[in-house]
Structures are given as C-alpha cells and as structure tokens.
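Novice: how would this look folded up:
(one chain, ligands or ions: 1)
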Amino acid sequence: MNNNNIFYKEKNKYFITLDNFYIIDVYVRKLLADNAVQEYITIAGYKSKMSFSRSTDVSIPFLLPLFSLRGRLVRLQDVTTTIIRQHNYPPPIGAILAELLAAGAALAGLLKFEGVFTLQTKTKGPLNLSVIDITHEGHMRGYAQFNSRHIDPNASFKDLLGSGYLAFTVDQGLKVDRYQGIVALNHDTLPHALEHYFDQSEQLETRIFIASHKTPDGIWKSGALLLQQMPTKRVDEETWNYMEALLNTLSSDEFLDFSILSEGLLKRLFHEGNVTTFDPIYLKAQCRCSEDRIKTFLSTLNQEEIEGLLDNGQLKMTCEFCNHTYVFDRKNLITFH
Ligand SMILES: [Zn+2]
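Specialist: Coordinates of the predicted model:
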C-alpha cells in the first residue's frame with residue numbers, strides 16, 4: 001500500500017482504492033510527526049505504516065504523465081491567518097492578499113531558485129500596492145497599501161485594484177541577475193491576470209484556480225491549483241480543453257475543505273491522468289526583518305539624518321511586512337552608530 005491509494009479522507013477515516021476497483025474505508029490511529037502525518041492503518045488485520053503530506057500550508061508539485069502536464073497545489077491556513085492578522089486588514093483586502101500568497105507559492109514552486117520570489121501588484125485602484133514574497137525555504141510574508149476610506153465590503157478584485165501592473169521578481173543575491181516579469185493588470189480576477197502573463201511571456205499555457213475564505217472564527221484559508229503545459233511537449237487543444245473542464249469542476253468549498261487530503265483531491269480531479277505527487281514544500285509565515293538589519297541600515301545614515309528621524313528622543317521603525325515596531329532611543333543609537 002502507498003499514499004496513492006488514498007482516495008478521500010474524512011476525519012480519521014480513510015477511503016482507499018485498491019487496484020482502482022475497490023473502495024474500502026479504514027480507521028486509523030494517528031501519530032503526529034513534525035511536518036508530515038504518519039499513521040498506522042489496519043486493513044483486514046494487516047497493519048501498515050503510511051505517511052503523506054499535511055493538507056495545509058503546503059505546496060505540492062505534481063505531474064500528470066499521461067497528459068504531459070505539470071502542476072502545483074497550494075493550500076494555506078496558518079500562513080494566511082498569521083499574515084492577515086498582523087495587519088488586521090478588512091476582509092476584501094485580506095481576501096486578495098490570501099489569494100496572492102497562494103498564487104505566489106504556486107508560481108515560486110515552478111522555479112528553481114535560492115533566494116526570494118516576489119509577487120507585487122501596483123495599481124490605481126483603492127488597493128494601490130500589494131506585495132508578497134517567499135524564500136526557497138518556504139518562508140512567506142506580505143502586506144498591502146490601500147486607501148481605507150474606499151474599501152467597499154463587496155468590492156471585487158477589479159474594483160479594488162483597477163489598472164496597473166503585476167510583477168514577479170526572483171532575487172538570488174548579488175551574484176545572480178534578478179529575473180523580472182511584468183504584465184499589465186486590468187483583469188477581472190487574479191487567475192486571469194496570471195494566465196495572461198504566461199500566455200504572453202512564457203508561452204506555456206497555464207490555468208490556475210485560486211480561492212480564499214475567511215471562516216466565522218477569523219481563520220483565513222486560501223489555495224491555488226496550477227496546471228501548466230510542459231516546455232518539451234505540448235498537449236493538443238482537445239486535451240487541454242478537457243483539463244480545463246476538469247479544473248472547472250472544482251469548487252472553492254471543496255478546495256478549501258482541508259479535511260480532504262491534497263493527494264486525494266488531485267486524484268479525484270485528474271483520476272485519468274495517473275497523477276503523481278512529489279515531496280511538498282512546507283510553508284510558514286516568517287518575516288526576515290530583525291533589529292540587526294535595521295541597525296545595519298541606520299549605520300548608513302549620518303548624524304543629521306538620524307536626528308531627523310528621532311521623535312521625543314526615540315526612533316521607531318515598523319516593518320511593513322510583519323508590522324513589528326522596533327524602538328531605539330538616542331543613547332542606544334549612539335552606541336552602534
Ligand atoms: Zn518584519
């Protein structure tokens with residue numbers, strides 16, 4: 001038995017396919033490991049140890065070898081909830097940030113890089129700037145700048161963003177050139193904007209499903225499911241249309257129901273494609289700011305500039321990403337300056 005046998009999970013009960021014919025429900029005893037879940041499962045008296053990826057805060061690469069397509073599945077909960085709560089954003093802004101975080105993790109998952117992948121929108125609407133970034137280690141952060149007087153609770157993506165641009169950057173440090181991609185943004189939805197980017201710049205046809213939801217108890221869930229043609233082999237139009245139709249059968253409720261295992265969800269959607277999943281990237285909300293980084297920045301300023309930043313003998317700097325405020329007093333500034 002392997003993970004590919006799991007068809008569906010409901011609480012601690014599993015539905016398992018064997019030889020593609022039988023569906024057996026199984027009760028398990030749970031053991032929690034660090035990142036993955038390891039469980040013992042008993043079928044007809046036979047005990048077998050299984051492990052599979054946890055279903056939230058993961059980016060799972062997958063292949064549909066029968067259709068020569070690749071994909072990424074991202075589902076976020078702790079990442080989105082932590083980041084949006086750091087700022088206490090109104091729900092329409094939180095929803096867009098949650099979707100950008102999911103999209104950013106899916107797009108970064110397509111690339112091989114050591115550094116930081118950034119996804120940014122800059123537009124003329126009330127939400128004039130949003131930025132999320134993710135390191136190759138899966139550390140994520142994000143923030144938005146908006147005019148709070150103009151946030152209609154029912155505002156759509158287009159109402160909030162208006163026209164402008166969407167940019168991707170991969171920063172791998174000083175030794176490697178920055179990669180940047182930019183696309184005009186005047187689309188009704190984030191998936192349309194991203195699909196347009198791929199059609200235009202990479203010529204790799206891509207479809208992406210994105211969803212977000214805030215639960216009544218304030219938990220933010222989001223996810224992205226990306227399907228992309230491979231550079232080496234293009235699929236015919238009929239097959240591609242069929243895959244799109246399959247993707248369209250996915251509902252936000254099902255996608256954001258994290259009691260359904262990600263592998264099971266992919267199997268349900270693409271059961272004819274012989275879906276193969278690979279090791280996930282585990283994602284977490286983690287800012288990269290620190291007192292040392294701010295001190296390094298302050299040490300580049302001259303005394304006059306430092307004086308200009310002092311207010312009542314104190315210098316306060318707030319990280320835009322995580323909203324943490326660092327406070328330095330004059331005496332403290334002199335010791336390291
Ligand atoms: Zn920070």
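Novice: Would you mark the buried spots in stretch 185-196?
Specialist: Using 16 or more other C-beta atoms under 10 Å as the test for burial, stretch 185-196 gives Leu185, His187, Leu190, Pro191, Ala193, Leu194, Glu195, His196. From N, CA and C alone the C-beta is placed, and that goes for glycine too.
Novice: ok, of those, which one's closest to the ion?
Specialist: Leu190 (24.2 Å; C-beta to the ion).
Novice: Which one of the residues in the stretch 51-200 of the chain is closest to the ion?
Specialist: For the stretch 51-200 of the chain, C-beta to the ion, closest residue to the ion: Arg141, 6.7 Å.
Novice: contacting residues around the strand or helix carrying that residue?
Specialist: Using DSSP states H and E, Arg141 sits within strand 139-146. Strand 139-146 has contacts (C-beta atoms under 8 Å, 6 or more residues apart in numbering) with 79, 83, 87, 89, 93, 96-97, 100-101, 104-105, 126-134, 160, 283-288, 320-323.
Novice: For PyMOL, write the selection for the buried entries among those residues.
Specialist: Here is the PyMOL selection string for the buried members of the contacts of strand 139-146, based on 16+ other C-beta under 10 Å:
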select buried, resi 79+83+87+89+93+96+97+100+101+104+105+126+127+128+130+131+132+133+134+160+283+285+286+287+321+322
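Novice: So Thr56, which state does it fall into?
Specialist: coil (DSSP: H, G, I helix; E, B strand; the rest coil).
Novice: how close does Leu333 sit to Ile294?
Specialist: 11 Å (C-beta to C-beta, to the nearest Å).
Novice: and what of Ala102?
Specialist: 30 Å.
Novice: of those two, who's got more company?
Specialist: Ranked by neighbour count (other C-beta atoms under 10 Å), Ala102 and Ile294 place Ala102 first, with 32 against 15.
Novice: need the contact list for that one.
Specialist: Counting by C-beta under 8 Å, 6+ apart, Ala102 has contacts Val74, Arg75, Leu76, Thr80, Ile210, Ala211, Ser212, Ser222, Gly223, Ala224.
Novice: now swap in Thr206 and tell me
Specialist: Leu194, Glu195, Phe198, Asp199, Leu226, Leu227, Gln228, Gln229.
Novice: Leu110 and Gly71: what is the separation?
Specialist: Taken as C-beta to C-beta, the span from Leu110 to Gly71 is 9 Å.
Novice: Next, show the common contact partners of those two.
Specialist: Leu226, Gln228.
Novice: Please identify which of these two sits among more neighbours.
Specialist: Gly71 (27 against 18).
Novice: returning to what we had before: which of the contacts of strand 139-146 come close to the ion?
Specialist: Cys287, Phe321, Cys322 (C-beta under 5 Å from the ion).
Novice: A helix includes the second one, no?
Specialist: Put plainly, it is Phe321. No: checked against three-state DSSP, Phe321 lies outside a helix; its state is coil.
Novice: mind checking pLDDT for the residue nearest to Gly104 when sequence neighbours are not counted?
Specialist: Leaving aside its chain neighbours, Gly104 sits nearest to Leu119 (4.1 Å; criterion: C-beta to C-beta, 6 or more residues apart in numbering). pLDDT, Leu119: 96.
Novice: Now do the same for Leu119: helix, strand or coil?
Specialist: strand.
Novice: Next, count neighbours for it.
Specialist: Going by other C-beta under 10 Å, the residues that sit close to Leu119 add up to 24.
Novice: Can I get stretch 145-154 as CSV, trimmed to CA atoms?
Specialist: The C-alpha trace of stretch 145-154 is given here as CSV (Å, rounded to 0.1, in the frame of the first residue of the first chain):
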residue,chain,number,x,y,z
GLN,A,145,-1.3,49.5,1.0
PHE,A,146,-4.7,50.9,0.5
ASN,A,147,-6.9,53.9,1.0
SER,A,148,-9.2,52.7,3.8
ARG,A,149,-11.9,55.3,3.0
HIS,A,150,-12.6,53.5,-0.2
ILE,A,151,-12.9,49.8,0.7
ASP,A,152,-16.4,48.6,-0.2
PRO,A,153,-17.1,45.3,1.7
ASN,A,154,-18.5,43.9,-1.6
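Novice: returning to what we had before: buried among the contacts of Thr206? Make that a ChimeraX selection.
Specialist: Applying 16+ other C-beta under 10 Å to the contacts of Thr206, the buried members can be selected in ChimeraX as follows:
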select :194,195,198,226,227,228,229
